[in-house]
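**Student:** Quick one, what's the 3D model for this:
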Amino acid sequence: MREVFTRVEENEKLIIEVDLEADSVKKDFPWLFSVFIKFDTQKATVELYEEFLETKESLIIALEYEQSVKYVGSRVYDGWNELYFYSSDSKELNSMAQAILKESTYIHESNVVRDTKWGFYDKQLTPTEIEFYHMQSAKIITALEEEGDDILVERDVEYYIAFDTSTQKNRFINTLELEGFTFKDEISSDEFEHGVALISKHNVTRETSQEYVIKLLDAIKKEHGYYEGWSTTLQNQEEL
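**Tutor:** The predicted structure is shown next:
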């Protein structure tokens, strides 16, 4: 399952694609294989970008066809597309990539190192907790946009929090002093018994959503709760 998110490092934005289920095969793939392809996705035309994507997917398919290689993700940074794989064997990886890419016009390079514990995957590709929540927000926002909704319009947004005990839940409700949020209801489900719904009113741009999630997380952690996401409605009141 591939997911895409952005990360800022040293004031530079990285676009990261990651297979969140890739580490299920960790023990069988101890070698990290990297392929760097020079291609500026920000400046490319649609036609050139589609051509690049075809080359990228062809490389992934060809390497994985060997059944000893697993594509785990990529990073787009400073005009380079960094593709990462883990393999059961380090032999022939560079020559395989060279054979696949030799007919393209892209400048490229590759490298293989031992990474038994998948440290690169965990630190450089896997989203942090807050990045994961922002990914979930982005999916809702994309769905709204696809329905033609104006995300700049303020609307009621419900946020959901879960707790291990009723004591934690009640303390959170009774001490809630969080600007921009008000208590709406106590909730429960098959996933969690002690839940709370808060409501806020704001637009749902990516920037605003990130701001509100971060603010709420700080309050939740003080009471050892769990953030469970948010929902809102289209202007025609269809809940997402």
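**Student:** Now do the buried residues in the helix or strand encompassing residue 228.
**Tutor:** Using DSSP states H and E, residue 228 falls within strand 226-232. Within strand 226-232, the residues that count as buried by 16 or more other C-beta atoms under 10 Å are 227-228, 230, 232. In short, each C-beta sits where N, CA and C put it, glycine included.
**Student:** Show me what the lengthiest helix in the chain packs onto, helices and strands only.
**Tutor:** Determined from DSSP state H, the single longest helix within the chain is helix 46-65. Secondary-structure packing of helix 46-65 (3 or more C-beta pairs under 8 Å, 6 or more residues apart in numbering; DSSP states H and E): strand 31-38, strand 69-77, strand 80-87, helix 93-101.
**Student:** And the closest residue to residue 147 other than its chain neighbours, how close does it get to residue 167?
**Tutor:** Excluding the flanking residues, the one nearest residue 147 by C-beta to C-beta, 6 or more residues apart in numbering is residue 234, at 5.6 Å. Computed with C-beta to C-beta, to the nearest Å, the distance linking residue 234 and residue 167 is 37 Å.
**Student:** who wins for proximity to residue 200 among the helices and strands packed on helix 46-65?
**Tutor:** For residue 200, the closest of the helices and strands packed on helix 46-65 is strand 69-77, at 32.9 Å, according to C-beta to C-beta.
**Student:** Show me what the closest one is packed against.
**Tutor:** Strand 69-77 packs on strand 12-19, helix 46-65, strand 80-87, going by 3+ C-beta pairs under 8 Å, 6+ apart.
**Student:** Export those as a markdown table, with columns for distance to residue 189 and mean neighbour count.
**Tutor:** Below are these laid out as a markdown table (distance: least, C-beta to C-beta, whole Å; neighbours: other C-beta atoms under 10 Å):
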| stretch | distance to residue 189 | mean neighbour count |
| --- | --- | --- |
| strand 12-19 | 28 | 16 |
| helix 46-65 | 38 | 14 |
| strand 80-87 | 36 | 22 |
